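> kindly generate the corresponding structure for this input.
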Amino acid sequence: MADLYVCGLDLSTGRVVQADEREVWEWRPKGHNGDGTLVCLECYHGAGSPNGAPLVVPLVPRGRIGGTKRRHFAHPPGMAPVGGHSPETAWHWEVKHRLCRWIQTAGADARVEAWTGGGAATSR
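As a prediction, the model looks like this:
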């Protein structure tokens, strides 16, 4: 279920995208079995990576054309991080990162998310 909220990064445009912005068949040429320019936004920014290093994970666009299954992006089999990513919309992701950059330009120390020793995310 967590993959229903996976945001993508369109490497050809630099935009944060969500599956419902286009039809599934329009995303497929950019995804895992296409040219690979549609990647997992969180993985690209190091979320779920043991050392925080960026990973380029092309996404799999899913959903039924004209059906009831919601359009979504999924990680290819075996490439999703353990426990998945925290569900959030592209808008939420963008706002978090813009606020962090704004705070940093004001000279303060800021991170979008920090992980506690127990593995929980916390904002700082």
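> okay, and the helix or strand of the protein with the least pLDDT?
Within the chain, no helix or strand scores below strand 121-122, which has a mean of 50 by mean pLDDT, DSSP states H and E.
> show me where this structure has its strands.
Under the criterion DSSP state E, strands of the chain are mapped to 8-10, 15-17, 38-40, 60-62, 72-74, 114-115, 121-122.
> distance from the fifth one to the middle of the chain?
Shown here is strand 72-74, whose average C-alpha point lies 10 Å from the average C-alpha point of the whole chain (C-alpha atoms, centre = their mean, to the nearest Å).
> now that strand: buried residues?
72-74 (16 or more other C-beta atoms under 10 Å). (C-beta placed from N, C-alpha, C; glycine too.)
> among these, show me the least confident.
Of all the buried residues of strand 72-74, residue 72 carries the smallest pLDDT score, 85.
> show me what it is bridged to.
In this structure, residue 72 bridges to residue 62 when assessed by DSSP bridges.
> quick one: it from residue 55, how far?
19 Å (C-beta to C-beta, to the nearest Å).
> burial measure for the nearest residue to residue 34 once chain neighbours are set aside, as a count.
Ranked by C-beta to C-beta, 6 or more residues apart in numbering and with sequence neighbours excluded, the top spatial neighbour of residue 34 is residue 28, at 5.9 Å. By other C-beta atoms under 10 Å, the residues close to residue 28 number 16.
> just residue 77 next, same as before
So residue 77, with other C-beta under 10 Å, has 8 neighbours.
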